[in-house]
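Engineer: Starting from these lines, generate the structure:
(chains A and B)
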There are 2 protein chains.
Amino acid sequence: MLGGAAVHFSLAASFFTEVHPVGPVGEDFGAEEFEVLEGRGIVTDGIERVAGGESFFWRGRYEYDLNVAHTEDTRLGVFAEFEPKLSDRSRAADTLFLANIQPDLQRQVRSQCESAGFSGLDSMNLWIETALDSLRAAISEVDCLVVNDAEIRQLTGESNLARAARAVMDMGPRAVVAKQGEYGAALFTEEGFFALPGFPLEDVRDPTGAGDSFAGGFFGYLDSHDGILDDTHLRRAMGYGTVLASFNVEEFGTERVTRLSREEIDERLETLRGMTQFEGVPTPAE
Amino acid sequence: MLGGAAVHFSLAASFFTEVHPVGPVGEDFGAEEFEVLEGRGIVTDGIERVAGGESFFWRGRYEYDLNVAHTEDTRLGVFAEFEPKLSDRSRAADTLFLANIQPDLQRQVRSQCESAGFSGLDSMNLWIETALDSLRAAISEVDCLVVNDAEIRQLTGESNLARAARAVMDMGPRAVVAKQGEYGAALFTEEGFFALPGFPLEDVRDPTGAGDSFAGGFFGYLDSHDGILDDTHLRRAMGYGTVLASFNVEEFGTERVTRLSREEIDERLETLRGMTQFEGVPTPAE
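Structural biologist: Model prediction:
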């Protein structure tokens, strides 16, 4: 199944901006896979095809409620030898997302994008356990951390999520996004707290890539906005992230997102907004 | 520690309406415990003190993130022999909440409250596993089910929460509230879906009673409203439930709620509302 963080991210972000994914693929990533990306206007010249190589591979299973994934097999493949060399256009990016991979690789990319006004990274328990110092350094160099809530706890050694998010902000980022599976996502900033539920669906076919689609909607929207990225925009970005994640899980792999339209996305954003609004303290007349 | 579903529920609901708890307590429930309730204006003549009896007792432990509780000891005590006989005033209640207990007992109370315009019940995995037919009958007789999301799945045998909630509505209730620990709570009705995050706190001392405090805020607010209970009111009730639960967990037992004010509650409701609002689709000028 076509997948991978960069693929899911790029497809989701492509509804908002021009996306330049950077990373290695193996020979198994062929014309058909490139066409899926190029069909959405994604600039693929940063995707390095390694002769004789094998693409990064993940296989896992989900628990009954689809909220917890268990990894059964991971093969780094071409990532094991990857040394990122960015094109001038990629180096000039305003917005940078470092998908989940070994944090020293993330730092190599980060250091090449000096003009990025807003940068973020994803990570996972594996790097917390095996490369904590590198990961902490990588986190200190970005504006926004986007990881699962359990990983924010694990990273900081703090069981309370609000305290854990503050500890991350003390490392450098000005925003922390806690991904929470079907429960949605929470945003912590200096201005305050914001949270959205996952978009409710009666048919969830495949949760794989939901987090990367979320990040694609989130960073894609932020890149499309020219002004200062205050909480108004970060919150709307949370909404777009939630919407893109919800479309992604409706079908297997990248099937649903490749035939999605911006109109459908905006319509679902308004539906989501309607699902989270309530009236405050009643007036005496009520 | 003073606790129990009816105690937490009654204290939370007392900020909105006159509460008439019904249930048995043992000799260990004395003047001091009655004073906590009466200090909040709660009518205690439905609390039956059983000579030589022991109050219902629960002891458990919480996992690292405080989201999952494991029961270590439950003693039914005076509930083992309880036969509810309601006073005329209790029978005339407009709003009825059946806290978590053996479902046949819940049905006995429900049948005595013929004039209740809005009724709800809580339950738990124990009754799903040992008294499913009774529980299904009890659910069919109320307007609203309020249980943990995992229990909605278990009750219906449906892993998808949206489908599971629909299956509950097919049994009779017009509203289903899925409690989700610190992730908050979700409301399913015919009109649609609504969800709120838990109120973020940096200090959670004791999650015991959070669900009952939620129900107290939820049903207490609904009882204080005279008109039709449409989704506008159900959503605001979700807000009040979330707020009361958050105060409850700030300190042990009933400590925080007994010195709470309606002003603090309303202030936190507005804060919660601010944490869940976002602007929709950007205008072309943005």
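
Engineer: Surely residue A:220 and residue A:11 touch.
Structural biologist: No. Using CB atoms under 8 Å, residue A:220 is not in contact with residue A:11, being 9.7 Å away. Every residue, glycine included, has its C-beta placed from N, CA and C.

Engineer: out of those two, which sits in the more crowded spot?
Structural biologist: Remark: of residue A:220 and residue A:11, residue A:11 carries more neighbours, 30 against 26, as counted by other CB atoms under 10 Å in any protein chain shown.

Engineer: For the more buried one, list the residues it contacts.
Structural biologist: Residues in contact with residue A:11 (CB atoms under 8 Å, 6 or more residues apart in numbering or on different chains) are A:36, A:37, A:40, A:42, A:213, A:216, A:254, A:257, A:258.

Engineer: Now do the SS call for it.
Structural biologist: In three-state terms, and counting by DSSP: H, G, I helix; E, B strand; the rest coil, residue A:11 is helix.

Engineer: Find the nearest non-adjacent residue to it, please.
Structural biologist: residue A:257 (4.7 Å; CB to CB, 6 or more residues apart in numbering or on different chains).

Engineer: if you go through the stretch 101-250 of chain A in chain order, where are the helices?
Structural biologist: Under the criterion DSSP state H, counting those that start in this stretch, helices of the stretch 101-250 of chain A are mapped to A:103-112, A:125-130, A:132-140, A:149-156, A:161-171, A:210-224, A:231-250.

Engineer: Next, format those helices as TSV and append mean pLDDT and distance to residue B:48.
Structural biologist: Output for the helices of the stretch 101-250 of chain A, formatted as TSV (pLDDT from 0 to 100; distance: least, CB to CB, whole Å):
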stretch	mean pLDDT	distance to residue B:48
helix A:103-112	97	62
helix A:125-130	93	52
helix A:132-140	98	58
helix A:149-156	96	44
helix A:161-171	97	41
helix A:210-224	97	51
helix A:231-250	97	49
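
Engineer: Can you tell me which of those helices is most buried?
Structural biologist: helix A:210-224 (a mean of 27; mean count of other CB atoms under 10 Å in any protein chain shown).

Engineer: What I need now is the helices of the stretch 101-250 of chain A written out in CSV, including distance to chain B for each item.
Structural biologist: Shown next, in CSV, are the helices of the stretch 101-250 of chain A (distance: least, CB to the nearest CB, whole Å):
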stretch, distance to chain B
helix A:103-112, 24
helix A:125-130, 14
helix A:132-140, 19
helix A:149-156, 7
helix A:161-171, 5
helix A:210-224, 8
helix A:231-250, 4
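
Engineer: quick one, what contacts residue A:184?
Structural biologist: A:195, A:196, A:197, A:198, A:242, B:183, B:195, B:197.

Engineer: The first one: how many residues sit nearby?
Structural biologist: Right, residue A:195. For residue A:195, the neighbour count with other CB under 10 Å is 26.

Engineer: Pull the contacting residues for it.
Structural biologist: A:184, A:185, A:186, A:187, B:184, B:197, B:200, B:275, B:276.

Engineer: Sort out for me which of those residues are in strands.
Structural biologist: Within the contacts of residue A:195, residues falling in strands by DSSP state E are A:185, A:186, A:187.

Engineer: Of those residues, which are in range of chain B?
Structural biologist: Under the cut-off given by CB under 8 Å from any CB of the partner chain, chain B has residue A:186 from the ones in strands among the contacts of residue A:195 close to it.

Engineer: Among the ones in strands among the contacts of residue A:195, pick out the one closest to residue B:115, please.
Structural biologist: Comparing the ones in strands among the contacts of residue A:195 against residue B:115 with CB to CB places residue A:186 closest, at 42.0 Å.

Engineer: Isn't that closest one up against residue A:180?
Structural biologist: Yes. With contacts counted by CB under 8 Å, residue A:186 reaches residue A:180, the gap being 6.7 Å.

Engineer: Looking at these two, which is more packed in?
Structural biologist: Using other CB under 10 Å as the criterion, residue A:186 and residue A:180 rank with residue A:186 on top: 27 against 23.
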